[in-house]
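K.L.:
I'll drop the sequence and a predicted model, then ask my questions.
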Amino acid sequence: MTLTTFRTPFNVFDEALARLAEPAQATQVWTPAVDVIETEQSIVLKADLPGIDQKDIEVKFENGTLSIKGERKFENEVKQPGFRRIERGYGAFARHYTLPETLDVEHVKADYKNGELTVTLPKKEAAKTRTIPVIINA
């Protein structure tokens with residue numbers, strides 16, 4: 001004999017209300033999303049870091065590894081009426097990338113604007129693509 005549980009609209013509503021009443025989770029671990037784009041001239045990393053102050057971001061290049069570290073701080077006091085749930089992650093994060101030796105590490109740039117960190121790693125002249133014309137001798 002098989003038992004089947006039927007969900008009525010009232011059950012769905014009750015479940016939704018129960019989820020809203022769950023305690024807030026402010027300690028979720030999070031890792032920012034990062035896009036890595038390679039062009040003929042450089043490698044560019046773009047990291048989504050919304051809500052983070054520039055002073056809380058560290059970009060470091062050492063021994064062929066690029067490290068991006070930071071922290072999104074959680075404000076303990078929430079004064080908004082109707083505030084029920086916290087789904088965004090908070091806390092410290094770190095991303096590490098091993099990079100090729102073909103990069104010009106002396107000219108690395110990092111820009112932060114509108115919650116997006118852009119790190120541009122230019123390639124050395126020797127690593128850039130070149131087109132060599134072929135001459136036909138008659």
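P.N.:
Perfect, I can see it now. Numbers count the residues shown, from 1 in each chain.
K.L.:
hey, let's count contacts and neighbours off CA atoms from now on
P.N.:
Will do.
K.L.:
the helices in this protein, which residues?
P.N.:
Secondary structure of the chain (DSSP state H): helices at 9-20.
K.L.:
so, low pLDDT: which residues of it?
P.N.:
For the chain, applying pLDDT under 70 flags the ranges 1-28, 76-80, 83-84, 127-128.
K.L.:
for the closest residue to S67 other than its chain neighbours, give me its contacts.
P.N.:
Spatially, and ignoring its direct neighbours in sequence, S67 is nearest to H96 (4.5 Å; CA to CA, 6 or more residues apart in numbering). Applying CA atoms under 8 Å, 6 or more residues apart in numbering, one finds that H96 lies in contact with T65, L66, S67, I68.
K.L.:
show me which of those are buried.
P.N.:
Buried by 16 or more other CA atoms under 10 Å: L66, I68, out of these.
K.L.:
nearest to W30 among the contacts of H96?
P.N.:
I68 (13.7 Å; CA to CA).
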